[in-house]
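**Q** prediction below, plus the sequence it came from.
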Protein chains: 2
Amino acid sequence: MSDSPKARRSDATKAAILAAARERFGHDGYERATIRAIATQAEIDPAMVMRYFGSKEGLFAAAAQFDLRLPDLGALPREEIGRVLVGHFLDVWESGDNFFALLRAAVTNEAAAERMQQLFATQVVPAIAPAITDPKTVPIRAGLIATQMLGLALCRYVLRLPPVVALQREQLIALIGPSIQQRLTGPLA
Amino acid sequence: MSDSPKARRSDATKAAILAAARERFGHDGYERATIRAIATQAEIDPAMVMRYFGSKEGLFAAAAQFDLRLPDLGALPREEIGRVLVGHFLDVWESGDNFFALLRAAVTNEAAAERMQQLFATQVVPAIAPAITDPKTVPIRAGLIATQMLGLALCRYVLRLPPVVALQREQLIALIGPSIQQRLTGPLA
DNA sequence: AGTATAGGCCAACAGCTGTTGACAATCCAG
DNA sequence: CTGGATTGTCAACAGCTGTTGGCCTATACT
């Protein structure tokens, strides 16, 4: 409540646009999500989107800033880290933040893919680092964990492979948690 | 050479269109790959695409039929199956077949996602089955393997996360092969 | 009060999209 | 050679896209 110079009246509109944008981008992907559809859902005029965000790319850049809110792994019992991580990722995907917007867009849009790389480098790698003894192996371990977690999200929420959809939260944690744990604290090969 | 009634002269054109379609769909995704761009690359008129494939959807359906050519896992030493599978998947992704066309499209296109489910059910599950002792666990094990392998392709070839790109073929086989092996022959949880 | 300014809407633009139909060229059987 | 079918080209369509500038209204400041 200190870093906001003035509470402009348009902030509510901006927020509505951003919320609608995350939903449309997440549901339709970057190309099929039209500014007109986003504006209609936000109950404003398409021209407002251009006024506040400059262009469709600008809107996406603003809508694709996410905070994974990864927990402090150093404060956890070492054997539980894997399971906690899996549970946390499931929470993120099933939250209303529409993380799908970034994933769906990153697959067909170069700029979105770069944003995904940034998110990996600035949030995933640092969060995972304290759980790993040999600092040199941090990027590789983080990368391998990303393949498993993003692959899970891809198969479960995007492609909806039936056996992966059928698994319940607790089963997923029990099945994948140990694998993640292995990537963190086990030998690399 | 028996099921082809006549070798029509247009078969070459059809093949050129399909090749160009796989490349454009794979590089740009379903929405951004335009019929005009595909036709230009195939050096024919856009109208030919409509004549031979009916619509853009029809073209994609024809272009998105892939054969993973999965090896007979029953003929392999049990301990090598994981590594062989990882190597084979890397081959598939790096082959000229543009399997990316299906993956990229499946993320933003519902019909393509269903095709991916079909491919999983008709090729991956049956191929993996002979390596698994308890038949009841086949779909779950196949699903978990899919999350790891598709996640690897996503992070390495689509998102291009630097640590995952940096790993070489042999390293990937050494790192991920045992995990796949575990999913196949190890205990489920 | 009056006025500058921010918030919002409308209509229109140029460009691209998938798709279509009419027309020309080539091939092949009789 | 003749006639029909197969290949191919061209131009155009209706619709949708991101984006723009003008215009009106309501708020906030002096």
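**A** Sure, I can see it.

**Q** let's check: the centremost residue of chain A is which one?
**A** residue A:99 (4.1 Å; CA atoms, centre = their mean).

**Q** measure that residue to residue A:179 for me?
**A** 21 Å (CB to CB, to the nearest Å). The C-beta positions use only the backbone N, C-alpha and C, and glycine is treated the same way.

**Q** max-length helix in chain A?
**A** helix A:11-32 (DSSP state H).

**Q** so which elements touch it?
**A** helix A:35-42, helix A:46-53, helix A:56-63, helix A:100-108, helix B:11-32, helix B:100-108 (3 or more CB pairs under 8 Å, 6 or more residues apart in numbering or on different chains; DSSP states H and E).

**Q** and these as CSV, adding mean pLDDT, mean neighbour count and distance to residue A:158?
**A** Converted to CSV, the helices and strands packed on helix A:11-32 look like this (pLDDT from 0 to 100; neighbours: other CB atoms under 10 Å in any protein chain shown; distance: least, CB to CB, whole Å):
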stretch, mean pLDDT, mean neighbour count, distance to residue A:158
helix A:35-42, 98, 18, 20
helix A:46-53, 97, 16, 26
helix A:56-63, 97, 18, 18
helix A:100-108, 95, 24, 7
helix B:11-32, 96, 19, 13
helix B:100-108, 96, 24, 6
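
**Q** in JSON lines: those helices, plus distance to residue A:91.
**A** As requested, the helices and strands packed on helix A:11-32 are exported to JSON lines (distance: least, CB to CB, whole Å):
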{"stretch": "helix A:35-42", "distance to residue A:91": "25"}
{"stretch": "helix A:46-53", "distance to residue A:91": "28"}
{"stretch": "helix A:56-63", "distance to residue A:91": "20"}
{"stretch": "helix A:100-108", "distance to residue A:91": "14"}
{"stretch": "helix B:11-32", "distance to residue A:91": "29"}
{"stretch": "helix B:100-108", "distance to residue A:91": "22"}
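
**Q** flag every residue of chain A that's near DNA strand D.
**A** A:9, A:33-37, A:46-47, A:49-50, A:55-57 (CB under 7 Å from any atom of the strand).

**Q** which among the residues you listed gets closest to residue A:150?
**A** residue A:33 (20.9 Å; CB to CB).

**Q** surely that closest one meets residue A:22?
**A** No - contact criterion CB atoms under 8 Å: residue A:33 and residue A:22 do not qualify, at 9.8 Å.

**Q** closest one to DNA strand C among the helices and strands packed on helix A:11-32?
**A** Nearest to DNA strand C among the helices and strands packed on helix A:11-32 is helix A:46-53 (3.2 Å), distances taken as CB to the nearest atom of the strand.

**Q** what does the closest one rub up against?
**A** Outside helix A:46-53, the residues that touch it by CB atoms under 8 Å, 6 or more residues apart in numbering or on different chains are A:10, A:13, A:14, A:17, A:35, A:36, A:38, A:39, A:56, A:59, A:62.

**Q** ok, now how distant is the residue lying closest to the first one once chain neighbours are set aside from residue A:39?
**A** Which is residue A:10. Leaving aside its chain neighbours, residue A:10 sits nearest to residue A:52 (7.1 Å; criterion: CB to CB, 6 or more residues apart in numbering or on different chains). With distances taken as CB to CB, residue A:52 is found 11 Å from residue A:39.

**Q** please apply the same query to residue A:131.
**A** 44 Å.

**Q** how about residue A:185?
**A** Counting by CB to CB - residue A:185 and residue A:39 are separated by 49 Å.

**Q** likewise for residue A:49?
**A** From residue A:49 to residue A:39 the distance is 6 Å (CB to CB).

**Q** need the residues touching each of the two.
**A** Counting by CB under 8 Å, 6+ apart, the residues touching both residue A:49 and residue A:39 are residue A:17.

**Q** mind showing which ranges of chain A have poor pLDDT?
**A** Applying pLDDT under 70 to chain A picks out residues A:1-7.

**Q** near DNA strand C, which residues of it?
**A** Near DNA strand C, when you scan chain A using CB under 7 Å from any atom of the strand, you find A:8, A:9, A:10, A:12, A:13, A:44, A:45, A:46, A:47, A:48, A:51.

**Q** next, format those as JSON lines and append distance to residue B:72.
**A** Listed next are the residues of chain A next to DNA strand C as JSON lines, based on distance: CB to CB, whole Å:
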{"residue": "A:8", "distance to residue B:72": "66"}
{"residue": "A:9", "distance to residue B:72": "68"}
{"residue": "A:10", "distance to residue B:72": "64"}
{"residue": "A:12", "distance to residue B:72": "62"}
{"residue": "A:13", "distance to residue B:72": "61"}
{"residue": "A:44", "distance to residue B:72": "59"}
{"residue": "A:45", "distance to residue B:72": "61"}
{"residue": "A:46", "distance to residue B:72": "56"}
{"residue": "A:47", "distance to residue B:72": "61"}
{"residue": "A:48", "distance to residue B:72": "60"}
{"residue": "A:51", "distance to residue B:72": "61"}
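
**Q** re the thing from before, my guess is the residue nearest to the centre of chain A contacts residue A:90, does it?
**A** No - Residue A:99 lies out of contact with residue A:90 (CB under 8 Å); the separation is 11.3 Å.

**Q** tell me which strands and helices whichever strand or helix holds residue A:92 is in contact with?
**A** Applying DSSP states H and E as the criterion places residue A:92 in helix A:81-94. Judged by 3+ CB pairs under 8 Å, 6+ apart, the packing partners of helix A:81-94 are helix A:138-153, helix A:169-185.

**Q** now do it: everything it contacts.
**A** Against helix A:81-94 from outside (CB under 8 Å, 6+ apart): A:68-71, A:73, A:76, A:99-100, A:131, A:145, A:149, A:152-153, A:156-157, A:169, A:172-174, A:176-185.

**Q** fine, thanks again, bye for now.
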